[in-house]
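[1] what follows is a predicted structure for the sequence shown.
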Amino acid sequence: MQSRRKFLTYASACGLAGLTSPVPGVYYHRAQQNFGDLRVTQIESHDIYPEYQDFLDYVLMHFYGPSKRTVYVVHTNQGLIGLGESNGAEPESTLQKYIGTNPFDWIGDETSLGLGTAMYDLMGKAAGVPVYKLFGQAYRKLVPVGSWTVSADPSHMADAVMKYSKLGYTWLKFHLSPFENIFDQLSAMEKVAPRGFKIQLDFTMHGTNDYMPGLCERIGKSSIIGAFEDPLLERDIQGYAELRKRSDIPIYYHHAPLGATEELQRRAADGYIVGHTPIGNAIRYAGAFAHANVPFCLQNVGGHITRSMTTHMQAAFKTAHFHFHCDAETWKSDVVNERPLPKRGLLRVSESPGLGVTLNRRELERLSERKPRVQDKWIIVTTYDDGTKMYNLGDPADSLFFVRPDKRRLFTPSYEDPVTTEWWDNDKTKEFRNMMGRLQKEGVVLIRANSDS
């Protein structure tokens with residue numbers, strides 16, 4: 001009876017989303033025929049510490065410190081194994097909810113994105129179908145995917161464009177930072193970007209109506225700008241609607257503060273980004289966006305387990321038209337054997353049963369045992385054109401500061417100040433110690449040219 005109730009709930013959600021597959025009954029019965037009474041018997045939970053790609057290691061370590069993920073290996077009484085992953089480990093009490101259940105009990109899972117992913121992997125494997133068929137028919141066989149980095153000096157931005165374009169990506173996303181001049185960054189990237197390569201700029205909800213329209217207009221003149229993300233405060237729906245009318249560049253809204261209701265009616269954005277939401281919630285959002293005929297994407301950060309799950313979902317959701325970001329491309333290694341690269345920015349959805357990825361146990365053990373190095377605090381040294389220097393504390397534990405320094409209530413960010421920035425690592429000098437001491441007391445230090453204070 002529990003599975004039947006789950007089926008009916010899921011079927012109604014599928015109807016809202018416009019999904020038209022014979023799920024879940026047909027595939028549930030097929031799984032029963034193949035494996036009988038399938039039950040979850042054990043869940044392995046592994047914290048892993050994957051390395052960053054070489055060209056990203058320095059900047060990502062300074063922004064975020066070492067990467068950490070939790071990988072789930074879910075065992076069943078019939079020998080099937082399902083894979084999932086999440087940003088952080090689920091508590092034991094959550095894991096226990098899945099023990100003894102049938103994976104099909106978790107259709108439209110609203111409890112855990114990572115464990116829900118593993119359940120869908122098991123459902124697909126048991127029924128002998130790719131995961132996307134558990135959501136419905138495929139609206140697309142090729143799914144667009146983007147790449148990602150952090151805002152750093154123009155030479156890094158240009159290098160990221162060159163590296164990612166050679167790997168088959170056609171989109172690069174990053175969060176603007178007031179410690180870099182966006183026009184200097186764009187100039188460097190324009191010189192190396194191949195034809196058709198586009199940049200998605202994330203303003204991290206900092207902009208205000210008196211400043212953002214003009215800035216977006218100036219930035220939008222760049223030949224490589226493809227989209228603006230979160231250019232205004234989250235709840236400024238009227239501001240978004242007005243900015244969209246003025247902008248020739250698509251506006252993406254990473255949040256739906258009113259549950260994708262009034263935002264959609266007001267046409268506040270050209271597209272929406274749904275981030276890190278459980279599978280059941282994603283299904284409902286997909287239904288709302290399909291009903292309104294508004295494009296969207298899913299942004300679930302993780303490795304190739306997460307990337308595979310997102311690819312399946314975007315293949316089946318009617319208006320999941322535009323590129324998603326997962327950041328698996330930032331990792332040097334992973335716990336699965338399959339790590340497909342895009343071709344012209346497109347990933348082919350797997351037709352193998354389940355997610356289409358297989359566990360590399362050796363890499364799982366290596367990355368679980370790996371002891372990542374610690375990134376110490378450091379100093380952000382920003383020099384203005386008149387020689388004035390501004391010093392700020394860089395701390396991987398406070399990564400938001402790099403893109404929203406106003407959160408520390410020190411100064412209001414601008415993305416077009418005439419600045420260059422260097423990162424001052426602890427060189428064991430007296431000067432470094434003294435400046436760190438001042439930053440601990442003052443928060444930010446501003447020194448005019450030819451001045452000692």
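    Alright, I've got the coordinates.
[2] please enumerate the strands of the stretch 101-250 of the chain.
    142-144, 147-148, 171-175, 198-202, 225-229 (DSSP state E, counting those that start in this stretch).
[3] helices or strands up against the third one?
    When contacts are defined as 3 or more C-beta pairs under 8 Å, 6 or more residues apart in numbering; DSSP states H and E, strand 171-175 sits against strand 147-148, helix 154-166, strand 198-202. Heads up, the C-betas are built off the backbone N, CA and C, glycines and all.
[4] and that strand, which strands flank it?
    When sheet partners are counted by DSSP bridges, strand 171-175 sits next to strand 147-148 (parallel), strand 198-202 (parallel).
[5] now the last one against strand 225-229, angle please.
    For strand 198-202 against strand 225-229, the angle between stretch directions is 20 degrees (axes from the mean of the first three to the mean of the last three C-alpha atoms, to 10 degrees).
[6] quick one: residues in contact with strand 198-202.
    146, 170-176, 182, 186, 189, 219, 222, 224-230, 252, 254 (C-beta atoms under 8 Å, 6 or more residues apart in numbering).
[7] return the set of buried residues in it.
    Using 16 or more other C-beta atoms under 10 Å as the burial criterion, the residues of strand 198-202 that qualify are 198-202.
[8] likewise for stretch 33-41?
    35, 38-40.
[9] for burial, what's the neighbour tally of E229?
    E229 is flanked by 23 other residues according to other C-beta atoms under 10 Å.
[10] so how far is L95 from it?
    Distance from E229 to L95, counting by C-beta to C-beta, to the nearest Å: 34 Å.
[11] which residues touch V59?
    149-150, 152, 156.
[12] before we move on, what about T204?
    Applying C-beta under 8 Å, 6+ apart, the residues contacting T204 are 175-176, 230, 400, 403-404.
[13] could you measure from it over to H255?
    The span separating T204 from H255 equals 11 Å under the rule C-beta to C-beta.
[14] tell me the contacts of L400?
    With contact set as C-beta under 8 Å, 6+ apart, L400 has these partners: 204, 407.
[15] which SS state does it fall under?
    State at L400, reduced to three classes by DSSP: H, G, I helix; E, B strand; the rest coil: helix.
[16] make a PyMOL selection of whichever of the contacts of T204 turn out to be buried.
    In PyMOL, a selection of the buried entries from the contacts of T204 looks like this (16+ other C-beta under 10 Å):
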select buried, resi 175+176+230+403+404
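[17] doesn't I380 belong to a strand?
    Yes: with three-state DSSP as the criterion, I380 is located in a strand.
[18] on that earlier part again, out of the strands paired with strand 171-175, which gets nearest to E263?
    strand 198-202 (17.9 Å; C-beta to C-beta).
[19] rounded mean pLDDT for that closest one, please.
    For strand 198-202, mean pLDDT rounds to 97.
[20] for that strand, what is the distance to the chain centroid?
    13 Å (C-alpha atoms, centre = their mean, to the nearest Å).
[21] next, the angle from it to helix 154-166.
    Using the same axes, to 10 degrees: strand 198-202 against helix 154-166 is 130 degrees.
[22] where's the residue lying closest to S151 once chain neighbours are set aside relative to W378, distance?
    Ranked by C-beta to C-beta, 6 or more residues apart in numbering and with sequence neighbours excluded, the top spatial neighbour of S151 is S177, at 3.7 Å. Applying C-beta to C-beta, the value for S177 to W378 is 15 Å.
[23] can you report how many residues neighbour Y285?
    Per other C-beta under 10 Å, the neighbour tally for Y285 reads 21.
[24] in this structure it contacts A260, no?
    Yes: counting by C-beta atoms under 8 Å, Y285 touches A260, with 5.9 Å between them.
[25] any idea what F296 is bridged to?
    Y272.
[26] so it sits against A288, correct?
    No: contact criterion C-beta under 8 Å: F296 and A288 do not qualify, at 9.1 Å.
[27] more neighbours: which of these two?
    A count of neighbours by other C-beta under 10 Å puts F296 above the other of F296 and A288, at 28 against 20.
[28] and the more buried one, what does it touch?
    Counting by C-beta under 8 Å, 6+ apart, F296 touches 271-274, 285-286, 289, 317, 319-322.
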